[in-house]
Every structure is written in C-alpha cells, then in structure tokens.
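J.: the amino acid sequence is not available; the structure is as follows:
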C-alpha cells in the first residue's frame, strides 16, 4: 500500500511526460543531430558529424545580415512596446471599473484572433494605396505615397501591434499591487504629479516592464508570420531563413543549424538578462 | 481620490486604442467591398466575397483546423488532468522539475517546434500524417490546459475532498464524484483556450502542412503571400466575429486577462 502511494504521482505524470518526451524532446534532439549532417543537391542529406553548417551560419555575411536584422527588429519592437505599452497600462490602471475592463478587453481581445488576420490588416493599411499613406499625404507629412510594405519600418509597426498586448498586460498586473493611497499620500505631502509618477509609480511598474520585455523580445526574435508577410522575401529574418532552407532549398541540415543558433542565442540572451535584472533589483529594493 | 486620467493621458489612450483596432477594422471594411482588388475607401458595399467563401478551398481547410484543434485540446486535457493532480496534491521528489518540464513548451519558439516536428515525422515515416500534426499541437497547448487544471485544483475547497475521504470513499471515488465535478469549469476553460491556440497556430503547422493537413491559417498564409484580395479579408472577418463570441464567453466565465498571460506567436 505504502509503495503504491509513493509511485502514484509518477504514474499520474507519466502520460503528459511521455507525450512531451516523444513529441518535443526527442524531435529537438533529432534536430540537433541533423544540424551536424551534411547536404548536397545530388546526394541529399548525408549522416555524419561535421561543423560545416555552423561555420556557414556563423561565418557567412548573408546569415550575419539575417541574424542582425532579427535582433535589431526584436530590439526595436521591445523598445517601442515599452514606450507605448507601459503608459497605456498606467492609463488603464487609473480608469474607473467599467471602463478599465472594457479597454483591457479591447487590448487583449486581438490575442484571440490569429496572427495572420492581424498581419493582413497591416498589409492592407501599409500598402502603397493604403490608409496610412493616404493620411500621411493628406496631412502633408509625405509628398507622395511611400512603400511601407516590404520595409523594416512596416515590419516593426506590425509586430509591435501583435506583441504590445503582452507588455500592457504585464505592466498592468504589476501596477495592480500599487496601493492608490500611496500615490494620494505623495500628492498630499506636496509632491508634484511628475514626482509621484517617477518615484512611486515607475518603481512599481519596473518588474512588469522587465517581464513584459522578455516576453515581447523572445516572441519578436522568433516571429515568422508577420515578418514573412510584411517584410517579404527581401527582408528575411531568422525564422524565415530556416523556413526557406527546409521547404525551398531542401537543405535540412543547414536549416537545423539556423534554428539551433537562434535557440541558443535566445536562451543566452534570456539568461544574461535575468542575471542583470537580478543584480539591478537588489539595488532597487535595498 | 485622485485616480482620474488627465486630457493628455486620454488623448494618448485614444491613439493607442485606434492603433490596436485599426488593422482589424480595415480588414472588416475591405471584406464588404465589391471589387476584386483593394478599394478602400469606397462607397460601394457588397456581400459577394462572403458568398465566394463557400465555393473556395478555405472551407475544407477550416474543417481540418477544427478537427486538429478538437483533437489537440482533448488529448492535452486528458493528459494534463492527472499530471495536474500529481503536482498539486502530492509531494514527491522531482515534483518541481516535472512541473517545469510540463510548462517547457512555452519556452521553445514555434519555429523550432515546427522544424522538430517536421524532422520527427520524416524520421519515423509519418510525413503528412494528421495524427502526428495533432500531437504537435498537443505540445503547444499542453501548458495551457495544465495551468488551468492546476488553478482549478488549487482554487477549489478541499474540505469537500476531506469530507468524502473521512466518510470512507476510495481515492478514485473522491476524484470522480467530488473533485472532477468541482474542477469541470476550469477544465472547460482550459479546453477552450487550447482549442483557440491550436486553431490559430500557424508557425509550427506551416512546416509540416501537406495538401491533406493544410489548416486554415496555413491556407490563408499561402494565399496572402500570393496576393491580398477581399476574399481573404472576408474569411478574416468571419474569424474576428468568431473570436468576439469566444471572447464574450471567456470574459463572462473566467476573466480574459487571467487566461491570456504568456500566450503567443508572431
């Protein structure tokens, strides 16, 4: 009886663990092994243990451009998401009850719509005859329509739209712990609105901004659909480069190496970020 | 109370909300235009593109998506309930590690999962196999069904379980007659969220889709990379309406901000 009870939790966990191991962990190991194989058009995939694919991905300027663009895109998207998402979270935080949940719903609702639909909207808006151009020309900002589709700017704007809800949600969640009485106390003790914002609200929002940044950055760095549609062939990002190697060039080992490099780079960035954040936090809370 | 937003804050808020809604609104507007190219702004409206959906190959793709999403959500739910019970109700060596393992699919980008699934299917000879695609989706939705099952289990009143135990009910009877009925609403929420996740999934599926397993998002992606016309906008409009309905249900029952923390693909 006692033995059975000890084993029971393992038995209960077994189905889920088995599914994950067979369909995620084992395939990931297969991809890692694949990345060391070689490929030629004539012979197809050749088994072996060579670093040639990694030398190509890490050494070729073609891939440098792609990874550089991916990183820069993720950085821009994260920065803009902080700049517009954090203030919006604060505005929502200060709203009265019915409005607060209504607007939270408006901001989070698009997450239930496929990313392909949201990106389609931007493709329509950003086209040469699209609304963004029409408005900018009417306002006199632009002299003639500009091509935002297939541009880095367009890619950034569309991706910010797709990912900024995570920033708003993250910052709003951390602001919820802020006691409004503290703000009121600051004001009644003679602090200006600006001082209250900087000394009371911002420190409370920082954990949310940091957590939100990590989510937005990692999702932006591995984004596929939005850059593929708005950026097009000319502005490839890492995820698209992998897609092309797998489904167009059929060079699976090289595609596998791209994916492994992307994954390792992301894990490294997340770990360094966490380390820096922890150190910084000690100073904030001492 | 000083909790009111100034005019500047409200102006910023209006611009932000316009930014969030603009692409969705524009898709809906385009869907009702009569021309076969993008003709916004216009004064002429038509339902012709909604009629055209019925004869298109988006309909079979839609049913494939529904099939895959139902399968993936159900399988994920069935394996996550016992796993959630193990991590919520038992203390055993390796509990933390197992819990982290169950949530680990959240850490792996969908591109990587797509590549992995493609390689796996080729290695074991299941290329273009529907069951393998469903299992791939199970990986993506498992963290969500598990999280909601865990929340339901830790949130329920455990006195009911203890009362049943002390009255002599077996462990299985307690689960079936007391625990399960109490966590059903949470499990239903998890299933629904998993369904939506799987239904909307593009990045992983695009790597493994073949003619028999082309889901709706993949079909739309292929279509959009060729050309953008009001037809694909009208399908998108239908999906937006569907999402609105689901959103209303989920908000009423669970509160959307709790469900959506950390979900994502771009």
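T.: Arrived safely, thanks for sending. What you see is a predicted model; the values in this text were computed from it and never measured. Numbers count the residues shown, from 1 in each chain, chains lettered A, B, ... in the order given.
J.: quick one: pLDDT of the residue of the stretch 1-150 of chain B found nearest chain A?
T.: Using C-beta to the nearest C-beta, the single residue of the stretch 1-150 of chain B nearest to chain A is residue B:23, 2.4 Å away. (C-beta placed from N, C-alpha, C; glycine too.) We have a pLDDT of 92 for residue B:23.
J.: straight-line length of stretch A:86-105, end to end?
T.: End-to-end distance for stretch A:86-105: 17 Å, by C-alpha to C-alpha, to the nearest Å.
J.: helix or strand for whatever residue of the stretch 1-150 of chain A ends up closest to chain B, which one?
T.: When scored by C-beta to the nearest C-beta, the stretch 1-150 of chain A has residue A:121 as its residue closest to chain B, at 2.4 Å. Assigned by DSSP states H and E, residue A:121 belongs to helix A:115-126.
J.: hmm, the helix or strand just after that helix in reach of chain B?
T.: Remark: after helix A:115-126, the chain's next helix or strand is helix A:131-138, criterion DSSP H and E. Yes. Using C-beta under 8 Å from any C-beta of the partner chain, we find that helix A:131-138 touches chain B at A:131, A:134.
J.: give the buried residues for helix A:131-138.
T.: Across helix A:131-138, burial judged by 16 or more other C-beta atoms under 10 Å in any protein chain shown covers A:131-133.
J.: ok so, going back, wait, the residue of the stretch 1-150 of chain A closest to chain B sits on residue B:21?
T.: No. Assessed by C-beta atoms under 8 Å, residue A:121 is found out of contact with residue B:21, at 9.4 Å.
J.: who has more neighbours out of those two?
T.: Ranked by neighbour count (other C-beta atoms under 10 Å in any protein chain shown), residue A:121 and residue B:21 place residue A:121 first, with 26 against 15.
J.: for the nearest residue to that one once chain neighbours are set aside, which three-state class applies?
T.: In space, residue A:121 comes closest to residue B:23 once its chain neighbours are excluded; the distance is 2.4 Å by C-beta to C-beta, 6 or more residues apart in numbering or on different chains. Assigned by DSSP: H, G, I helix; E, B strand; the rest coil, the conformation of residue B:23 is helix.
J.: near residue B:23, how many other residues are there?
T.: Around residue B:23 there are 26 other residues, counting by other C-beta under 10 Å.
J.: same check, this time on residue A:146
T.: Neighbour tally, residue A:146, other C-beta under 10 Å: 17.
J.: residue contacts, the residue of the stretch 1-150 of chain B closest to chain A?
T.: Applying C-beta atoms under 8 Å, 6 or more residues apart in numbering or on different chains to residue B:23 gives the contacts A:118-122, A:124-125, A:158, A:161.
J.: burial count for residue A:174?
T.: Residues near residue A:174, counting by other C-beta under 10 Å: 19.
J.: please state the offset of the helix or strand it falls within from the chain centre?
T.: Per DSSP H and E, residue A:174 falls inside helix A:152-175. Chain-centre distance of helix A:152-175: 9 Å, with C-alpha atoms, centre = their mean, to the nearest Å.
J.: which strands or helices does that helix pack on?
T.: Helix A:152-175 sits against helix A:61-93, helix A:97-108, helix A:115-126, helix A:202-221, helix A:225-226, helix B:7-31, helix B:256-260, with contacts defined as 3 or more C-beta pairs under 8 Å, 6 or more residues apart in numbering or on different chains; DSSP states H and E.
J.: what angle sits between the first one and helix A:152-175?
T.: So the one you mean is helix A:61-93. Per axes from the mean of the first three to the mean of the last three C-alpha atoms, to 10 degrees, the angle that helix A:61-93 makes with helix A:152-175 is 40 degrees.
J.: just want the angle from helix A:61-93 to helix A:202-221.
T.: Counting by the same axes, to 10 degrees, helix A:61-93 lies at 140 degrees to helix A:202-221.
J.: what is helix A:61-93 packed up against?
T.: Under the contact definition 3+ C-beta pairs under 8 Å, 6+ apart, helix A:61-93 sits against helix A:97-108, helix A:152-175, helix A:202-221, helix A:238-247, helix A:252-285, helix B:7-31.
J.: with that, I have no additional questions.
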